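> Model the structure of this input:
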Amino acid sequence: MSIANWNPAKLTLVVDLDDTLIQTDSLFETFWSACTAKWYTPFVAAFVLHKGPLALKQRLGAIASLDAARLPYNAEVLDLVRDWRARGGRVALVTASLQATADAIAAHLDLFDEAHGSGGGINLKGANKAQFLQERFGAGGYSYIGDAPADLPVWEHSAGVVTVNPSAAFRARVDALGKDTTHLEALPSQVRDYLRVLRPHQWLKNALILLPMLAAHQLTPATLWQSLLAVIAFSLVASSTYVLNDLLDLAADRAHPRKCRRPFASGAVKVSHGTWMAPVLGLAGGAVALLSGPGLFAMLAGYFALTTAYSFWLKRMVVIDICMLAVLYTMRILAGSVATGLPASVWLLAFSTFFFFSLASVKRQAELVDGIASGTVRAHGRGYHVDDLAIVSNMAVSSGFVSVLVLALYANSEPVRQLYSTPEVLWGICLVLLFWNSRIAILTHRGQMHDDPLVFAARDRVSYGCVAAVGLLALAGTLL
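Numbers count the residues shown, from 1 in each chain. From the prediction side, this is the model:
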């Protein structure tokens, strides 16, 4: 027997919410939404947790609510519900989430005849849900769609069973109930989805750690080893902060035309998994930094603190967010200096500050251009309005040109004459950077820029050519 043969006149189809109707967990979603609203939410959650899951849900629900219109819904479950309604059957949403959440989702979908959630001192999960359904529909008066071991007591008294994305072991436990069972095989999270969460392409930014060693022409085994440790440590911690940022940006990402396809926003990777990934990656990065020494660990801790502050507050503050991004890039150069013991020159730090201020401005410029194209007045999750586009564009171009000016002055300085046999060749690098900065500005103005200009550069053949040209010119200045 299958779902198609169930009798809609005698059965109510009951649907669970978390990881069933939606491809995420509403408790974790509410937690991160609350963290976005109030930075101290983790401390509040830890204080309330001992009172039980219902108290935690209610406390988080008092801080933030979910946007039912932007949650990642399971298309297969929705099709099943629509088919059941088309056959004249009744459908109920019954979830351990708060009643307010159940009501909001039911109102948005307009597919349920009734919706029930936790409240009144009862957490509607497991045995509590099983008892509620028996009292509401009678034993054998309903079929239930669920996904977790907590649903086993519910299925013991149901007429039919539908599981969503069951593992082999869980499927065997459900089949052992001897019920009329259907298993919906959702696509599991792929390894590539988890890699996308880590953003390994962003690790390219950590090549900045090598600059103090390269600028000083000190490519020794010791400096290479210390630089490598710093790169690994920063890559791990950077991935930790990317996970944290994506979790805090769930609502904004789902409202964005491209970012809505990110793993957490789309439901490809569970938000609950990201909740443990962030601290584990951060601790691993700290452990690697300690292998190098306390100096690198302190620098990494400072980087993590500033990045966390950026994720919680600073990214929503006009101009400050751009300044902070420039600082975070420059900190990588300082980390390379601390790890190797080679001082970073004032020239290098000045160039880095202006150059990455330019790229951060390009990032905001691209978001505003997208906003104008989509008719949005304000950039999602940011403090900018589309009317700010001209100013932000000028900031990007002017700071980019100033960075080239700093490089030109550096090319004529005494330290360069000591390091390069033909320093005049370095003026060619200035021309390459002028071309690259100008091209980036034009492409961004035309709406052809990625959300992150460094990601764009990593996929752009012209940028590869510019990098090669810079490398060859630097080598020529050393050898000629």
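> strands paired with the top strand by length along the chain, and their directions?
The residue-count maximum for a strand in the chain (DSSP state E) belongs to strand 90-98. With DSSP bridges as the test, strand 90-98 is paired with strand 12-15 (parallel), strand 114-118 (parallel).
> And the contacts of the last one?
Put plainly, it is strand 114-118. Strand 114-118 has contacts (C-beta atoms under 8 Å, 6 or more residues apart in numbering) with 54, 57, 90, 92-103, 105-106, 124-125, 132, 136. Where C-beta positions appear, they are placed from N, C-alpha and C, glycine not excepted.
> Need the contact partners of the longest strand of the chain.
For strand 90-98, contacts defined as C-beta under 8 Å, 6+ apart pick out 8, 12-18, 21, 26-27, 53, 57-58, 61, 81, 84-85, 101-102, 105-106, 111-119, 123-125, 129, 132-133, 136-137, 142.
> Could I get the average pLDDT for that strand?
Summarised as a single mean, pLDDT over strand 90-98 is 96.
> CA atoms only for it, dumped as CSV, please.
Provided in CSV are the C-alpha atoms of strand 90-98 (Å, rounded to 0.1, in the frame of the first residue of the first chain):
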residue,chain,number,x,y,z
ARG,A,90,-7.3,17.4,5.7
VAL,A,91,-3.8,18.4,6.6
ALA,A,92,-2.4,19.5,10.0
LEU,A,93,0.9,21.1,10.9
VAL,A,94,2.1,19.8,14.3
THR,A,95,5.5,20.8,15.5
ALA,A,96,7.6,21.2,18.6
SER,A,97,8.3,24.8,17.5
LEU,A,98,6.3,27.5,19.2
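> Now do it: distance to the chain's middle.
How far strand 90-98 lies from its chain's middle: 29 Å, per C-alpha atoms, centre = their mean, to the nearest Å.
> who does the helix or strand following that strand touch, helix- and strand-wise?
Sequence-wise, the next helix or strand downstream of strand 90-98 (DSSP states H and E) is helix 99-109. Contacts defined by 3 or more C-beta pairs under 8 Å, 6 or more residues apart in numbering; DSSP states H and E place helix 99-109 against strand 90-98, strand 114-118.
> and Lys162, what helix or strand is that in?
You called it Lys, but residue 162 is Val. strand 160-164.
> show me where pLDDT drops low in the stretch 1-150 of the chain?
Applying pLDDT under 70 to the stretch 1-150 of the chain flags residues 1-2.
> Leaving out the residues flanking it, which one is nearest to the most centrally placed residue in the chain?
The centroid of the chain falls nearest to Asp246 when counting by C-alpha atoms, centre = their mean (2.2 Å). Leaving aside its sequence neighbours, Asp246 sits nearest to Phe264 (C-beta to C-beta, 6 or more residues apart in numbering; 5.0 Å).
> Could you do Met277 as well?
On the basis of C-beta to C-beta, 6+ apart, the spatially nearest residue to Met277 that is not a chain neighbour turns out to be Val243, at 5.1 Å.
> what does Val416 give?
That would be Pro423: by C-beta to C-beta, 6+ apart, it lies 4.6 Å from Val416.
> ok, Leu111 touching Arg82?
Yes - counting by C-beta atoms under 8 Å, Leu111 touches Arg82, with 6.7 Å between them.
> which of the two has more neighbours?
More crowded of Leu111 and Arg82, by other C-beta atoms under 10 Å: Leu111, with 16 against 13.
> That one belongs to a helix?
No - the assignment for Leu111, made by DSSP: H, G, I helix; E, B strand; the rest coil, is coil rather than a helix.
> any idea how the protein splits into domains?
Following automatic domain parsing, one finds the domains of the chain at 3-184, 192-479.
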